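In: pasting a predicted model and its sequence here:
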Amino acid sequence: MTPSRPRVGPLASSPGPAPALDVDALLDDRGTGIIVCCGSGGVGKTTTSAALALRAAERGRKVVVLTIDPARRLAQSMGIETLDNTPRPVAGLRANAKGNRRGGSLDAMMLDMKRTFDEVVESQATPEKARQILENPFYIALSSSFAGTQEYMAMEKLGQIHAEAQQSGSYDLIVVDTPPSRSALDFLDAPERLSSFLDGRFIRLLLTPARGPAKMMTAGLGMITGALNKVLGAQVLTDMQTFVAAFDTLFGGFRQRAQKTFELLQAERTAFLVVAAPEPDALREAAFFVERLGEDDMPLAGLIVNRASPVPAGSLSADEAMAASARLRKREPTSLTAGLLRLHADQTRVVEREALLRERFAAAHPQVPTAVVPALPGDVHDLAGLRRVGALLAEGVPDQYS
């Protein structure tokens, strides 16, 4: 494998433990056509994706943001009643600092996993064959809940949008909010895993009628089929056989589509942003992502650390604040100032602990540009909140929190 290709704009000067990620340079770079926000669950990928998309649009890009968000916060924050598999325009974009949007626009959509799977089937099969597949109970279960289907269909939808944008010129930037995963590797592995399952020779050999030399295995297959009947039930096995028979001509197409999407993710116009929180598990997961992206030769733009604790005002260290608090409490047990000094010490220690975690990450991955975004006092629920997050992303240099 060749090493990863960092995709960033000019790096801001930073004496801190990691180079600073220049978010605006990345968004303004017309050579960047796809930004993929990835990371473990609960680290703010959806908000980050929406904020990046909004900022890019208000800086003149024609943007669509694709989210996979069970809580549907994105629709609420963007003022859209509902999001679905069709891009919906976001109203309320404002002029940039120079007084105009330079033709920027923003659409938003939410992945409908089953509908996307249906669209693939309809595009690959004849109407009659497609109907047989879409009405098959095994297919309905597979397209709705099979492990990896959501990740696969997120990438399938990305491929569809990219192809349409290339033809029509509707978008020059696609921002992708990846599915929440229990493992950092699920997102990259799922398309190949699902396509391999659908293209599996064992399944075809086991479930399709014996032909030619395969008839010699009829007795052995009969024993296996009998065992499966006991485990799965005759109707489930029949549904599986019917599905495979109808889906047979589409197997190779799924593998080819998965490979094409994988190549799209590796392309120079794609930029991956790994999103994390300043917590050990989240940064450990981010490290797995960074390493895996390098192994698969996918262009890494940088790391975004969300919800960093704000640096307390003043120059007192945690130890100095605790010592001063103790002295005051001896003289005045109910001293308000003593309590405030203790809070200052606690907050300072939290900031120091988070900085240490980031320094360890930077020591292991010194070439990964980083933006640190402080925690906001409340939830983001409108465009103003997303703009604030976007501004913090653009300003977020690591040395401010070191």
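Out: Received the coordinates, thanks. Numbering: from 1, shown residues only.

In: could you list the low-pLDDT ranges of the stretch 101-250 of the chain?
Out: For the stretch 101-250 of the chain, the stretches with pLDDT under 70 are 101-102, 146-148, 180-188, 190-237, 240-241, 245-250.

In: mind listing the strands for it?
Out: Listed from the start of the chain, the stretch 101-250 of the chain has strands (DSSP state E, counting those that start in this stretch) covering 105-110, 173-177.

In: could I get the ones you listed as JSON lines with mean neighbour count and distance to Asp346?
Out: (Each C-beta comes from the backbone N, C-alpha and C, glycine too.) Converted to JSON lines, the strands of the stretch 101-250 of the chain look like this (neighbours: other CB atoms under 10 Å; distance: least, CB to CB, whole Å):
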{"stretch": "strand 105-110", "mean neighbour count": "22", "distance to Asp346": "39"}
{"stretch": "strand 173-177", "mean neighbour count": "26", "distance to Asp346": "34"}
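
In: distance to Lys330 added to those, as TSV?
Out: Output for the strands of the stretch 101-250 of the chain, formatted as TSV (distance: least, CB to CB, whole Å):
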stretch	distance to Lys330
strand 105-110	58
strand 173-177	53
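
In: between the ones you listed, which one is closest to Asp24.
Out: Put simply, out of the strands of the stretch 101-250 of the chain the one that sits nearest Asp24 is strand 173-177, at 13.2 Å, with distance taken as CB to CB.

In: in terms of secondary structure, what does the closest one contact?
Out: Under the contact criterion of 3 or more CB pairs under 8 Å, 6 or more residues apart in numbering; DSSP states H and E, strand 173-177 touches strand 34-38, helix 45-58, strand 62-67, helix 149-168.

In: for Lys129, find the nearest of the strands of the stretch 101-250 of the chain.
Out: For the strands of the stretch 101-250 of the chain, proximity to Lys129 was assessed by CB to CB; strand 105-110 is nearest, at 27.8 Å.

In: which SSE is Asp346 in?
Out: Here Asp346 is covered by helix 336-364, with elements defined by DSSP states H and E.

In: related to what we said a few turns ago, between the strands of the stretch 101-250 of the chain, which one is closest to Ala20.
Out: The closest approach between Ala20 and any of these, judged by CB to CB, belongs to strand 173-177 at 20.8 Å.

In: chain center to the closest one: distance?
Out: With CA atoms, centre = their mean, to the nearest Å as the basis, the distance from the averaged C-alpha position of strand 173-177 to the chain average is 9 Å.

In: swap in stretch 113-123?
Out: The chain centre lies 21 Å from the centre of stretch 113-123; the measure is CA atoms, centre = their mean.

In: pull out the buried residues from it.
Out: Residues 113-114, 116-121 are the ones in stretch 113-123 that count as buried (16 or more other CB atoms under 10 Å).

In: picking that back up, now tabulate the helices and strands packed on strand 173-177 in a markdown table and tack on distance to Arg360.
Out: What follows is the helices and strands packed on strand 173-177, written out as a markdown table (distance: least, CB to CB, whole Å):
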| stretch | distance to Arg360 |
| --- | --- |
| strand 34-38 | 21 |
| helix 45-58 | 22 |
| strand 62-67 | 31 |
| helix 149-168 | 29 |
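
In: for Ser309, find the nearest of those.
Out: Ranking the helices and strands packed on strand 173-177 by proximity to Ser309 (CB to CB) places helix 45-58 first, at 17.4 Å.

In: for the closest residue to Thr270 other than its chain neighbours, give its distance to Thr261.
Out: On the basis of CB to CB, 6 or more residues apart in numbering, the spatially nearest residue to Thr270 that is not a chain neighbour turns out to be Ile34, at 4.4 Å. Relative to Thr261, Ile34 is positioned 11 Å away (criterion: CB to CB, to the nearest Å).

In: before we move on, back to that, just the buried residues of the helix holding Asp346, please?
Out: Under 16+ other CB under 10 Å, the buried positions of helix 336-364 are 338, 341-342, 344-345, 347-352, 354-355, 357-358, 361-362.

In: so who does His171 touch?
Out: Heads up, residue 171 is Tyr, not His. For Tyr171, the contacting residues are 62-64, 107, 161, 165, taking CB atoms under 8 Å, 6 or more residues apart in numbering as the criterion.

In: between these, which is closest to Glu128?
Out: For the contacts of Tyr171, the closest approach to Glu128 (CB to CB) belongs to Ile161, at 28.3 Å.

In: wait, doesn't the closest one sit right on Val64?
Out: Yes. Taking CB atoms under 8 Å as the definition, Ile161 is a contact partner of Val64 at 6.2 Å.

In: what touches both of those two?
Out: Shared between the contact lists of Ile161 and Val64 (criterion: CB under 8 Å, 6+ apart) are residues 87, 171, 174.

In: wait, what's in contact with the last one?
Out: Same thing as Ile174. Shown in contact with Ile174 (CB under 8 Å, 6+ apart): 33-35, 63-66, 158, 161-162, 165.
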